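In: What would the 3D arrangement of this be:
(one chain, ligands or ions: 2)
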Amino acid sequence: MSTGDGSYDYFQFVQQWPPTTCRVRGKCSNPRPIQIFTIHGLWPSNYSNPTTPSNCIGSQFKESMVSPRLRSKLKRSWPNVEGSNDTRFWEGEWNKHGRCSQQTLNQYQYFERSHEMWHFHNITNILKNASIVPHPTQTWTYSDIVSTIKAVTQTTPLVRCKQHKKTQLLHEVVLCFEYKALKQIDCNRTAGCPNQQAISFQ
Ligand code: 5GP
Ligand code: 5GP
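Out: Residues are numbered from 1 along each chain as shown. Ligands and ions are numbered 1, 2, ... in the order given. Predicted coordinates:
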C-alpha cells in the first residue's frame, strides 16, 4: 500500500528507549534490553500532514548495499530491540520510510546518515549529564527533558511517551532535520506526552 508519492518537507530522526519499547510491546526476547537510546527510524515528514509518507515506489531494501563496515555500525546504533534479526528491522524501515526520501538519500546514504546522527548527539549521555537517568520512581517534566537536549543540540527536539499501566514512560526522542538531512532544525510538532508534568524514565 502506498500512502505517499515521496514528497516531504523535513526528516524526523527517531530514537527509542528500548526498555520502554519492550515494556509496552511485551514481546522482546532479550530479558534485559540495552540501556541506551537506539535508532527507530529516519522518517521523511510533512508539515501539513501528520501522517508521514510511507511505502513509496522505489527500490526495495538490498542487503548487499549494507557493507560490513556499515553493518557493524548499525548493529550498535540500530539494533532490533523486539527481535534478533537486525536486518529485518532495517529492511522494514527502509521500505516503509526510507524509500520516500530516495530522491535525496540512496539506501547506503540513508543508513550512513542515520548512524552519523545517532553518533553526533548521544542522547543517553546528554540526559545523564543532567542527572536524567533511569529511576524506578522519580519523574521529570516535559520541559526538563526538552530543555536539556536543546541546550546541547541548539534545536528543539520532540519527546514521545507511552502509557504503561499507571505510568507515563519516556519512549522516544525525535530530532528534526531539514530536507537534505544535513542540518538540524526545530521540531515543531505538538508534544508527544499527554501529561507534561510527570514523565518516568526507567
Ligand atoms: P508505534 O511505534 O507508535 O507503534 O508506531 C508509530 C507508527 O506511526 C510508525 O509506523 C510510524 O511510521 C507512524 N508515524 C508516522 N508519523 C508519526 C508521528 O508523527 N508520530 C508517531 N508516533 N508515529 C508516526
Ligand atoms: P514505523 O511504522 O514507525 O516505522 O514502525 C513502527 C513499528 O516499528 C512498530 O510497530 C514497532 O513494532 C516497530 N519497532 C519499533 N522498534 C522496533 C524494533 O526494535 N524492532 C522491530 N522489528 N520493530 C520495531
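
In: so where's this protein uncertain?
Out: Along the chain, the model assigns pLDDT under 70 to residues 1-6, 31.

In: How about the contacts made by the residue in it that ligand 1 sits nearest to?
Out: Closest contact between the chain and ligand 1, by CB to the nearest ligand atom, is at residue 52 (3.9 Å). Just so you know, the C-beta spots here come from the backbone N, C-alpha and C atoms, and that holds for glycine as well. The contact partners of residue 52, taken as CB atoms under 8 Å, 6 or more residues apart in numbering, are 4, 8, 12, 43, 44, 45, 46, 97, 100.

In: Now the closest residue to residue 97 other than its chain neighbours: which helix or strand?
Out: The shortest distance from residue 97 to any residue other than its chain neighbours is 4.6 Å, reached at residue 43 (CB to CB, 6 or more residues apart in numbering). Using DSSP states H and E, the element containing residue 43 is strand 38-45.

In: Does ligand 2 have contacts with that strand?
Out: Yes - looking at strand 38-45 against ligand 2 by CB under 6 Å from any ligand atom, the contacts come from 40, 41.

In: Return the angle between stretch directions for the very next helix or strand once past that strand and strand 38-45.
Out: Using DSSP H and E, the helix or strand that follows strand 38-45 in sequence is helix 68-77. On the basis of axes from the mean of the first three to the mean of the last three CA atoms, to 10 degrees, helix 68-77 is oriented at 100 degrees to strand 38-45.

In: now the helices: where do they sit in the chain?
Out: Secondary structure of the chain, counting by DSSP state H: helices at 18-25, 68-77, 86-96, 107-120, 123-129, 142-153.

In: Which strands and helices lie in contact with the second one?
Out: Packed against helix 68-77 by the contact rule (3 or more CB pairs under 8 Å, 6 or more residues apart in numbering; DSSP states H and E) you find helix 86-96, helix 107-120.

In: hang on, the earlier thing: is it possible to get JSON lines of the contacts of residue 52 that adds distance to residue 132?
Out: Shown next, in JSON lines, are those (distance: CB to CB, whole Å):
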{"residue": "4", "distance to residue 132": "35"}
{"residue": "8", "distance to residue 132": "31"}
{"residue": "12", "distance to residue 132": "21"}
{"residue": "43", "distance to residue 132": "25"}
{"residue": "44", "distance to residue 132": "29"}
{"residue": "45", "distance to residue 132": "26"}
{"residue": "46", "distance to residue 132": "31"}
{"residue": "97", "distance to residue 132": "28"}
{"residue": "100", "distance to residue 132": "33"}
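
In: how far away is the residue nearest to residue 63 when sequence neighbours are not counted from residue 153?
Out: Spatial nearest neighbour of residue 63, excluding adjacent residues (CB to CB, 6+ apart): residue 87 at 6.1 Å. To residue 153, residue 87 is 30 Å away according to CB to CB, to the nearest Å.

In: circling back to that earlier point, can you redo the helices and strands packed on helix 68-77 as TSV with distance to residue 167?
Out: Formatted as TSV, those follow (distance: least, CB to CB, whole Å):
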stretch	distance to residue 167
helix 86-96	26
helix 107-120	27
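
In: Now render those helices as a markdown table, adding mean neighbour count and distance to ligand 1.
Out: A markdown table is the format used below for the helices and strands packed on helix 68-77 (neighbours: other CB atoms under 10 Å; distance: least, CB to the nearest ligand atom, whole Å):
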| stretch | mean neighbour count | distance to ligand 1 |
| --- | --- | --- |
| helix 86-96 | 18 | 6 |
| helix 107-120 | 18 | 15 |
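
In: Nothing else from me, thank you.
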